[in-house]
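Chemist: show me how the following folds:
(one chain, ligands or ions: 1)
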Amino acid sequence: MKLSKRLQLLHDLMDPGRNLADIGSDHALLPVACIQSGQAATAIAGELNEGPYEAAKRQVASSGLQAKIEVRRGDGLDVIEAGEVDTITIAGMGGALIANILERGKPKLKGVTRLILQPNVGEDILRRWLFDNDYVIEAERIIEEDGKIYEVIAAVPGYFSHISNDEVYEPKLIGTADHEIELTSNELLKMGPFLVEQGGSVFVKKWELEIDKIQKVLTSLSKSDLPEAKEKAEELQQELKRIEEVLTCMQKDKP
Ligand code: SAM
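Modeler: A predicted model of the protein is given here:
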């Protein structure tokens, strides 16, 4: 099974031999690849919707892996029993939906020692949920594939982690001595505590695109005389300035 670069990242962030549940599995590509490579010993492919559920069943059958992969139809973590899996992957949905699935399925997270998540948008909402529920991010990746930028987050329960959330979200200096900036905990939640340290061209591109979006909003706000519009514009100007400072520090850091 040849995975997309995006799904391959989730695959690579797993430890070998896990009992995996892939929620919102669609064609069950990830569970099939994880069983084939040995990353998973068993897998459950969970799907809410009829079409993707049938597609997952066909994929598992054509791979001949029915003994190791069960395809189950249901909403979020409803498809698993507590203690049944140790690793959960959820990819290709918004961060708010992923956070909602985890929130509603909390009792099923007992015994789960690794969450590997790929939000399409709303990464900050998902990081906030992980923080509030004492999951500690251990690794983050960012890639561009087919013109889209994706972030992947691997997190473990606090009791299982060698670092604490206080350390992960401690205000952080980035850049070089002559050009550095201290990022607040909230900014780390927004941009990714590990991604800001890694930097790189995809990270820079993501935030340049964000700057473009903010500038468009500022242009439309500038047409309004309402005090709320002025207030919002000031807030966005501040945000813009901070993002520009981060990018300047990164570009100085990595010529
Ligand atoms: N995970 C695959 C990937 O990343 O390539 C598929 C992503 S696809 C865009 C999202 C899938 O999640 C769809 O197949 C959809 O039916 C499923 N889905 C959406 N909400 C869900 C939920 N609450 N529980 C289970 N599956 C869900």
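Chemist: did I read that right, residue 247 in a helix?
Modeler: Yes - judged by DSSP: H, G, I helix; E, B strand; the rest coil, residue 247 forms part of a helix.
Chemist: quick check: it touching residue 204?
Modeler: Yes - using CB atoms under 8 Å, residue 247 is in contact with residue 204, at 5.8 Å. Yep, even glycine has a C-beta here, placed from its N, CA and C like the rest.
Chemist: CA atoms only: put the host helix or strand of residue 32 into PDB for me.
Modeler: Secondary-structure assignment from DSSP states H and E places residue 32 in helix 29-37. Included here for helix 29-37 are C-alpha records, laid out as PDB according to Å, rounded to 0.1, in the frame of the first residue of the first chain:
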ATOM      1  CA  LEU A  29      -5.700   3.000   3.600                       C
ATOM      2  CA  LEU A  30      -3.900   3.900   6.800                       C
ATOM      3  CA  PRO A  31      -4.900   0.700   8.800                       C
ATOM      4  CA  VAL A  32      -4.100  -1.500   5.800                       C
ATOM      5  CA  ALA A  33      -0.600   0.100   5.400                       C
ATOM      6  CA  CYS A  34       0.000  -0.100   9.200                       C
ATOM      7  CA  ILE A  35      -0.800  -3.800   9.300                       C
ATOM      8  CA  GLN A  36       1.300  -4.500   6.200                       C
ATOM      9  CA  SER A  37       4.300  -2.700   7.600                       C
END
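Chemist: what's the helix or strand immediately after that helix in the chain in contact with?
Modeler: Heading C-terminal from helix 29-37, the first helix or strand you meet, by DSSP H and E, is strand 40-47. Contacts of strand 40-47 from elsewhere in the structure, counted by CB atoms under 8 Å, 6 or more residues apart in numbering, are 14, 17-26, 28, 31, 34-35, 53, 56, 60, 68-74, 76-77, 79-80, 84-85, 87.
Chemist: only the buried subset of those residues, as a PyMOL command please.
Modeler: To isolate in PyMOL the members of these that are buried, counting by 16 or more other CB atoms under 10 Å, one can use:
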select buried, resi 14+18+19+20+21+22+23+24+25+26+28+31+34+35+53+56+60+68+69+70+71+72+73+76+77+79+80+84+85+87
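Chemist: could you count how many residues lie near residue 47?
Modeler: Other residues near residue 47 come to 25 when the count uses other CB atoms under 10 Å.
Chemist: please flag which of the contacts of strand 40-47 sit within helices.
Modeler: In this view, those that belong to helices under DSSP state H are 31, 34-35, 53, 56, 60.
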